[in-house]
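Trainee: Sequence and predicted model, in that order:
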Amino acid sequence: MSSTLKALIRLMRPHQWPKNAFVLAGAFFTHGWDEAATLQRVLVATLAFCLASSLVYLLNDWVDREADARHPTKCRRPLASGQVGAGGALGLGLALAAGLLACVLGQPVLALLVGLYLLINIAYSFKLKHVAVIDVCLISAGFMLRLLAGTVAVGIPPSRWLLVTGLFVTLFLGFSKRRAEASHDAASQRRVMKQYSLPLLDTYVAMAMTATLVTYGLYATSPETQALHGERLVYSLPLVVFGMLRFTQRVHGGQGEDAASDIARDPWLIAALLGWAAVFVVGR
């Protein structure tokens, strides 16, 4: 594989695609995978958001290429380092856009949700990422659009508790990311960090974590969940509590800037995720 092709793949950030698993949540929690047609629509929606998120990363890297070039680690990104030029970035963007159009063709609701996701991220990239709290709320909104795409867009009724829990867990991850960046003295690299302080971010992280645990507990014990899944989700609560506490501990240790990578590197968090999945599946 040529170095240029490797750089283009890195520019798409496929290691971030697991975040688009939020699209699968609706089918997962409602047993929507039992129907082949529904599963196919969910997988197409997931692919659409993978392509859309890569477009967003490409745009962000282009806008931030000069600032990234001064960052101790981001300077190795393809655009910041010069491994990919303007022509290569444009060609990749057109290819991603073509694939995205193919995914949403004939699906107006999915097209609308993906379009909103792109508009939010364009506003984020050019202006709103510099406004404290709004920046994290927009990141959360992107995840909520993924959840909706995996339910409304494919004909699965969204659970109100699933949506509320999704809102708070994405706010938790967003503020955890800012907390990790703050511990790395990122104020000199990202303007919005000058508007945050460590005590303020600790408060936001604690509030979002508490709200996540409360709403997940209400979801696990709600009558509609009990009717669909039985009692087993209740037994997943200790694993969820442990996982969030462990992740917060890592955030205070300077991790959490890239949640997907940090979780994948921690065996305890992996064990908690696998345990949660096992509890969810057992007895189905």
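Mentor: Great, that's in hand.
Trainee: could you pull out the helices for the protein?
Mentor: Under the criterion DSSP state H, the chain contains helices at 3-12, 25-29, 36-63, 65-69, 78-81, 86-104, 108-126, 134-149, 160-183, 198-221, 223-229, 237-252, 259-264, 267-281.
Trainee: For Val192, which of those helices is the nearest?
Mentor: helix 134-149 (5.4 Å; C-beta to C-beta). Just so you know, the C-beta spots here come from the backbone N, C-alpha and C atoms, and that holds for glycine as well.
Trainee: Buried residues in that closest one, which are they?
Mentor: Within helix 134-149, the residues that count as buried by 16 or more other C-beta atoms under 10 Å are 135-149.
Trainee: Kindly report the same for stretch 69-83.
Mentor: Judged by neighbour count (16+ other C-beta under 10 Å), stretch 69-83 contains these buried residues: His71, Lys74, Arg77, Pro78, Leu79, Ala80, Gln83.
Trainee: Need the distance between the two termini of that stretch.
Mentor: End-to-end distance of stretch 69-83: 12 Å, with C-alpha to C-alpha, to the nearest Å as the criterion.
Trainee: Please work out the average pLDDT along that stretch.
Mentor: Summarised as a single mean, pLDDT over stretch 69-83 is 78.
Trainee: got a list of contacts for it?
Mentor: Residues outside stretch 69-83 that contact it (C-beta atoms under 8 Å, 6 or more residues apart in numbering): 3-4, 7-8, 10-11, 61-62, 64-68, 84, 89, 189.
Trainee: re the thing from before, among the buried residues of stretch 69-83, which one sits closest to Tyr216?
Mentor: Nearest to Tyr216 among the buried residues of stretch 69-83, counting by C-beta to C-beta, is Lys74 at 33.3 Å.
Trainee: Could I get the contacting residues of Asp126?
Mentor: One thing to correct before we go on: residue 126 is Phe, not Asp. Contacts of Phe126 (C-beta under 8 Å, 6+ apart): Val63.
Trainee: Spit out the contact partners of the nearest residue to Arg190 once chain neighbours are set aside.
Mentor: Nearest non-adjacent residue to Arg190, counting by C-beta to C-beta, 6 or more residues apart in numbering: Glu181, 6.5 Å away. Applying C-beta under 8 Å, 6+ apart, we find Glu181 in contact with Arg190, Met193, Glu257.
Trainee: per-residue pLDDT, Glu181?
Mentor: Note for Glu181: predicted pLDDT of 84.
Trainee: Distance check, it against Lys129.
Mentor: According to C-beta to C-beta, to the nearest Å, Glu181 stands 12 Å off from Lys129.
Trainee: who touches both of these two?
Mentor: Arg190.
Trainee: what does stretch 43-57 contact?
Mentor: Residues outside stretch 43-57 that contact it (C-beta under 8 Å, 6+ apart) are 11-14, 16-17, 19-21, 23-24, 93, 96-97, 99-100, 103-104, 107, 110, 114, 117-118, 121, 125, 146, 149-150, 153-154.
Trainee: now swap in stretch 156-164 and tell me
Mentor: For stretch 156-164, contacts defined as C-beta under 8 Å, 6+ apart pick out 25-27, 29-30, 32, 38, 144, 147-148, 150-152, 215, 218-219, 222, 224-225.
Trainee: got it, and stretch 86-100?
Mentor: Contacts with stretch 86-100, where a contact means C-beta under 8 Å, 6+ apart, come from 4, 7-8, 11-12, 47-48, 51-52, 54-55, 58-59, 62, 79, 84, 114.
Trainee: sorry, back to before: name only those of the contacts of stretch 43-57 that count as buried.
Mentor: 11-13, 16-17, 19-20, 23-24, 93, 96, 99-100, 103-104, 107, 110, 114, 117-118, 121, 125, 146, 149-150, 153-154.
Trainee: In the protein, where is pLDDT below threshold?
Mentor: Scanning the chain for pLDDT under 70 picks out the ranges 1, 30-35, 154, 185-189, 282-284.
Trainee: Give me the spatial nearest neighbour of Tyr124, chain neighbours excluded.
Mentor: Leaving out its chain neighbours, the residue that sits closest to Tyr124 by C-beta to C-beta, 6+ apart is Leu138, at 4.8 Å.
Trainee: ok, the one you found to Leu119 distance?
Mentor: 10 Å.
Trainee: And for Gln83?
Mentor: In terms of C-beta to C-beta, Gln83 sits 29 Å off from Leu119.
Trainee: Thanks a lot, see you next time.
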